[in-house]
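Trainee: here are the coordinates; sequence isn't available:
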């Protein structure tokens, strides 16, 4: 009977998770919440199927409607991003980066990107290790909290990297695509941009547009500010399409067709609501930063008006970020600690990164950012206990239980599709 007990426990854990997260304020900058329609498509028969190969030339039969779904998805994405080519096969943003490195470099080549300490994603380093290329850190200007353009130009001329990859996990301001494009081209390189965090803001026209600024390739995640199912994406100029598609086919055996259909729905949502959503995200981020700063929390880049993205970064002191993030979690405020450029190593984090994209999709606006700032400041500055703050957090969260910027706004944000009949049957079987 242990398997029945295990199944009952599992179902209970999932239900409890839904209830718990409905009582939290989620400020993880790399997460979001999908619409009810997206969740429904993720649970369809498409999730059982393979579609190995390319459009209309599959290795397995039975893909006549899968081909139509994928053709429509590609069309929608190309239209949204005004891209010459789109590859939606990666099942994560990290895999999207690996596909690009695999497609366009060979062992012994060099690529340049920001280090983890300067806000770069770990995939920059890991992809280079997997494929046997050298990862040279881009120079970083700590005061501007951005790539050091002059230093980068000099280093690009000296190293002559195959790929220069802009974008970052910790990204407050647009990166210098237009500024670095000429020197990258002069040295025979490819300019790429990791838009994992800001893809939804790009789609909504509220950050920067790397393709129009000169980038050859844009990689991204489809589940951060782009509020779709978890996955990755590659936008590129037509010249790179064949190599990238072949690399994706090599590295991804099955790209989860239910995810592709759900991504098409999200793309339609972005076309309809992306501009207003991205506008509110950037307003909320700036308001949260200002409110935290006014309450005595050390928010970085105050001299640059804090942020132009969905992110806000606070400095809680050397080595304190892990502890404070845990206390915030006790108060049902979900964040992540991160190393800052001035920390000694990755394990000594002094920064906490906040993202407002999920709370924005739940309908929160600037006045809510003032409330959230108050709750965070009470923890960071030790003004109230986690249990006292948690009561206020839950009260605020209770008022925001719908998903907006979508076509089905009546859906409960954290609804759990209970299987009570199964639970009753399992209990009966255990009693026999």
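Mentor: Happy to help now that I have it. All figures in this text were calculated on a predicted structure; none of them were measured in a lab.
Trainee: got the phi/psi numbers for residue 220?
Mentor: Taking degrees, to the nearest 10, you get phi -170, psi 170 for the backbone angles of residue 220.
Trainee: an error on my part: the question was meant for residue 233.
Mentor: phi -150, psi 150.
Trainee: check it and give its pLDDT.
Mentor: At residue 233, the model reports a pLDDT of 98.
Trainee: residue 222 contacts residue 263, doesn't it?
Mentor: Yes - distance between residue 222 and residue 263: 5.8 Å, which falls inside the contact criterion (Cβ atoms under 8 Å). C-betas here are computed from N, CA, C, even on glycine.
Trainee: between the two, which contacts overlap?
Mentor: Shared between the contact lists of residue 222 and residue 263 (criterion: Cβ atoms under 8 Å, 6 or more residues apart in numbering) are residues 88, 228-229, 231.
Trainee: closest one to residue 211 out of those residues, please.
Mentor: Proximity of those to residue 211, judged by Cβ to Cβ, is greatest for residue 88, which lies at 16.1 Å.
Trainee: all the strands of the stretch 1-150 of the chain, residue numbers only.
Mentor: Taking DSSP state E, counting those that start in this stretch as the criterion, the stretch 1-150 of the chain contains strands spanning 25-26, 53-54, 57-58, 85-87, 110-113, 134-137, 140-141, 146-147.
Trainee: for residue 238, which of the ones you listed is the nearest?
Mentor: Across the strands of the stretch 1-150 of the chain, residue 238 has its closest neighbour in strand 85-87 (5.5 Å, Cβ to Cβ).
Trainee: average pLDDT across that closest one?
Mentor: Per-residue pLDDT values across strand 85-87 average out to 98.
Trainee: which helix or strand contains the residue nearest to the spatial centre of the chain?
Mentor: With distances taken as Cα atoms, centre = their mean, residue 224 lies nearest the centre of the chain, 3.1 Å away. Secondary-structure element containing residue 224, defined by DSSP states H and E: none, the residue being outside all helices and strands.
Trainee: model confidence for it, exactly?
Mentor: The score at residue 224 is 98. That number is its pLDDT.
Trainee: which residues touch it?
Mentor: Taking Cβ under 8 Å, 6+ apart as the definition, contacts of residue 224 comprise 29-32, 196-197, 199-200, 355, 357.
Trainee: now the residues you listed as a markdown table including neighbour count?
Mentor: Formatted as a markdown table, those follow (neighbours: other Cβ atoms under 10 Å):
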| residue | neighbour count |
| --- | --- |
| 29 | 26 |
| 30 | 18 |
| 31 | 16 |
| 32 | 26 |
| 196 | 29 |
| 197 | 28 |
| 199 | 29 |
| 200 | 30 |
| 355 | 27 |
| 357 | 32 |
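Trainee: re the thing from before, nearest to residue 168 among the shared contacts of residue 222 and residue 263?
Mentor: If you rank the shared contacts of residue 222 and residue 263 by distance to residue 168 using Cβ to Cβ, residue 231 comes first, at 19.8 Å.
Trainee: now the closest one: closest residue in space that isn't a chain neighbour?
Mentor: Once its chain neighbours are removed from consideration, residue 231 has its nearest residue in residue 222; the separation is 4.5 Å (Cβ to Cβ, 6 or more residues apart in numbering).
Trainee: can you report how many residues lie near that neighbour?
Mentor: Residue 222: 28 surrounding residues under other Cβ atoms under 10 Å.
Trainee: and for residue 142?
Mentor: If you count neighbours by other Cβ under 10 Å, residue 142 ends up with 12.
Trainee: which residues touch the residue nearest to residue 231?
Mentor: Taking Cβ under 8 Å, 6+ apart, we find residue 222 in contact with 88, 199, 228-233, 263, 266.
Trainee: just those residues: which are in helices?
Mentor: Counting by DSSP state H, the part of the contacts of residue 222 found in helices is 199, 263, 266.
Trainee: TSV for the contacts of residue 224, including distance to residue 393 and pLDDT?
Mentor: Listed next are the contacts of residue 224 as TSV, based on distance: Cβ to Cβ, whole Å; pLDDT from 0 to 100:
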residue	distance to residue 393	pLDDT
29	18	98
30	20	97
31	17	97
32	19	98
196	27	97
197	24	98
199	28	98
200	25	98
355	16	98
357	18	98
